[in-house]
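Q: sequence and predicted structure below; questions after.
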Amino acid sequence: MLSNKKNRSHQSQNLTDNAKRKVSRRSVLAAGLAAPIIVPRFVLGGPGNQAPSDKLRIAAVGVGGMGQSYLGSCRSENIVALCDLDHNLSGKVFQRFPGARTYHDYRKMFKKEADNFDALIIATPDHTHAVLLMEAIRLEKHIYCAKPITHNIAEARKVRRAVLDAKHLVTKSSVQSSGTDASRNTTELLKSGAIGSVRELHIWCDHPAYPCSLVRPTEKQSPPAGMDWDLWIGPAPYRPYHSAYHPCNWRPWWDFGSGTVGDMACHTLHAYFRELQLGAPTTVYARSSIRHKGFFQFVSTPECQSHANTVTWQFGARESLPPLNVHWYDGGMKPLRPAELDPGIQLPSSGLLFVGEQGKLIAGYCGGNPFGRSRGIVGGLLLPEKKFRDFQQPEKTMYRCDDHYGEWIKACKTDSRTVCPIEFGCEMTEMALLGALALRTRRVLEWDAEAMRVTNHADANKLVDPPYRDGWTL
């Protein structure tokens, strides 16, 4: 956020007052059985409706893109304040919530609304997540945050520590498949030991869904009317406005986004991250397309992600688990099809391939069997099929989350934990960002997780913890 001692003094008083108010409100929401509140029928508005006092008061920053989807899924609650730098883009979203006060500048929203909301939705570009997260934590607000949780590894470490140190904050990462029946089926199948210890994992995704392999535009353009472009740039290095970045095209640019691996990896990592004890690879390397506008460009485009990319994370032995290589593919790239797979079956457009010592497992990108219930089992397809023909589906032992946004709302009201809290999101984000770092540097990187540094490439460390633009700090 921007440095301002006067604002900090004002915020400190707001924090004290807000904390007192939140304790009182949360005690009502979470311990209602001890002190029930009788609400007249006319206040409830009819059978099956919750009282206004029981609704979560939500504010949101960045509502013109994915934020509108997040809000739509929380529309049963009280949406009190909305902030977006581009009111032309977000105008239709504002109209859907006429009772919400609207802002251009999140700092003004936080200052005026600090006592008026309980929870914050963060749906801005990656490079501004951390500054918003840290301010929300200071204000003691529950948080729902788009992934990747942060834009660089140092931010992920700082945010994770801050969330763990905070008391009574409920958080959730925007990994919609986390805890679903499909993903849990895959996890339980993996935990059953059917394919033995996993030595290779292949993850492929049909994104990117945006232009890539671009060079910095030189054409002069003006930002949308009323938009504060300098504030949109935030802590990132400044560059003039261009439609190549906004609206909606910021993700492939390394200054603002984290590429496809940063964007999409967490959609599968949650299903096996703990089970395979991921998090601290020893080595990371990557390759990407070197074509630009149909021509080979060996320098490529260092400021922007390429059309097609691969990443490999190498893990050493972890407790009882053997060494493991995790391979990522995007832009239509896929692993070699398993020799055991029926020639008449195509690999799905996005998916997972676990290669174990006693067999293989192919699962859908967000869990489940990509080939349908007519083949294999619920958690995926086991290979060779003849060996696993009589294999029984593992018992369902893990918690299922069948309402992604509803779980966060309920957890905020009851002080309970979500299936994919931000501290877990930070761990997955760090692994994904190491992949993005390898793509940016185009080098084989040796990683010292404890020291949070690349040991064989000094310049890469400048991207592990890059400086913020003047006037910005966590």
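A: That came through, no problem.

Q: show me the strands in the stretch 151-300 of the chain, by range?
A: Secondary structure of the stretch 151-300 of the chain (DSSP state E, counting those that start in this stretch): strands at 171-173, 198-204, 283-288, 291-292, 295-296.

Q: and R318, which of those strands is closest to it?
A: Within the strands of the stretch 151-300 of the chain, the stretch nearest R318 is strand 198-204; the backing value is 11.0 Å (C-beta to C-beta). Just so you know, the C-beta spots here come from the backbone N, C-alpha and C atoms, and that holds for glycine as well.

Q: for that closest one, which strands pair with it and how are they oriented?
A: Using DSSP bridges, the strands paired with strand 198-204 are strand 324-329 (parallel), strand 351-356 (antiparallel).

Q: chain center to the first one: distance?
A: Offset of strand 324-329 from its chain centre (C-alpha atoms, centre = their mean, to the nearest Å): 19 Å.

Q: okay, now G72: neighbour count?
A: 12 (other C-beta atoms under 10 Å).

Q: wait, what's in contact with C420?
A: K172, S173, V175, S178, G179, H270 (C-beta atoms under 8 Å, 6 or more residues apart in numbering).

Q: contact partners for the first one?
A: Remark: with contacts taken as C-beta under 8 Å, 6+ apart, K172 is in contact with I143, Y144, C145, E407, W408, A411, T418, V419, C420, P421, I422.

Q: about what we covered before: for the strands of the stretch 151-300 of the chain, which one sits closest to L463?
A: strand 283-288 (12.6 Å).

Q: restricting to C-alpha, output the closest one in CSV.
A: C-alpha atoms of strand 283-288 as CSV (Å, rounded to 0.1, in the frame of the first residue of the first chain):
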residue,chain,number,x,y,z
THR,A,283,15.7,-28.3,-9.1
VAL,A,284,13.3,-26.6,-11.5
TYR,A,285,13.7,-26.1,-15.2
ALA,A,286,11.4,-25.1,-18.1
ARG,A,287,11.1,-24.8,-21.8
SER,A,288,8.8,-22.7,-24.0
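
Q: mind listing what's buried in that strand?
A: Neighbour counts over strand 283-288 (16 or more other C-beta atoms under 10 Å) mark T283, V284, Y285, A286, S288 as buried.

Q: likewise for stretch 447-458?
A: Quick answer for stretch 447-458 (16+ other C-beta under 10 Å): W447, R453, V454, H457.

Q: P235 versus the second one, what's the distance?
A: The span separating R453 from P235 equals 21 Å under the rule C-beta to C-beta, to the nearest Å.

Q: quick one on the thing from earlier: restricted to helices, list the contacts of K172.
A: E407, W408, A411, I422 (DSSP state H).

Q: and the third one, what is it in contact with?
A: Okay, so that is A411. By C-beta under 8 Å, 6+ apart, the neighbours of A411 are V170, K172, R417, T418.

Q: now the buried members of the residues you listed.
A: Members of the contacts of A411 classed as buried by 16+ other C-beta under 10 Å are V170, K172, T418.

Q: and the residue nearest to the last one when sequence neighbours are not counted, bridged to which residues?
A: I take that to be T418. Among residues not flanking T418 along the chain, K172 sits closest, at 4.3 Å (C-beta to C-beta, 6 or more residues apart in numbering). Applying DSSP bridges to K172 gives these bridge partners: Y144.

Q: where does this protein have its least confident helix or strand?
A: helix 41-44 (a mean of 35; mean pLDDT, DSSP states H and E).

Q: buried set for stretch 387-402?
A: In stretch 387-402, counting by 16+ other C-beta under 10 Å, buried: F388, P394, M398, C401.

Q: quick check, nearest of those to R75?
A: C401 (19.3 Å).

Q: that closest one reaches G179, doesn't it?
A: Yes: contact criterion C-beta atoms under 8 Å: C401 and G179 qualify, at 3.1 Å.

Q: identify the contacts common to those two.
A: Counting by C-beta under 8 Å, 6+ apart, the contacts common to C401 and G179 are E407, V419.

Q: ok so, going back, of the strands paired with strand 198-204, flag the one that's most buried.
A: Across the strands paired with strand 198-204, averaging neighbours per residue (mean count of other C-beta atoms under 10 Å) puts strand 351-356 on top, at a mean of 22.

Q: ok, residues contacting it?
A: By C-beta under 8 Å, 6+ apart, strand 351-356 touches 186, 190, 194-204, 268, 271-272, 335, 338, 360-365, 370, 380.

Q: and W253, how far from L437?
A: Look at W253 and L437: by C-beta to C-beta, they are 15 Å apart.
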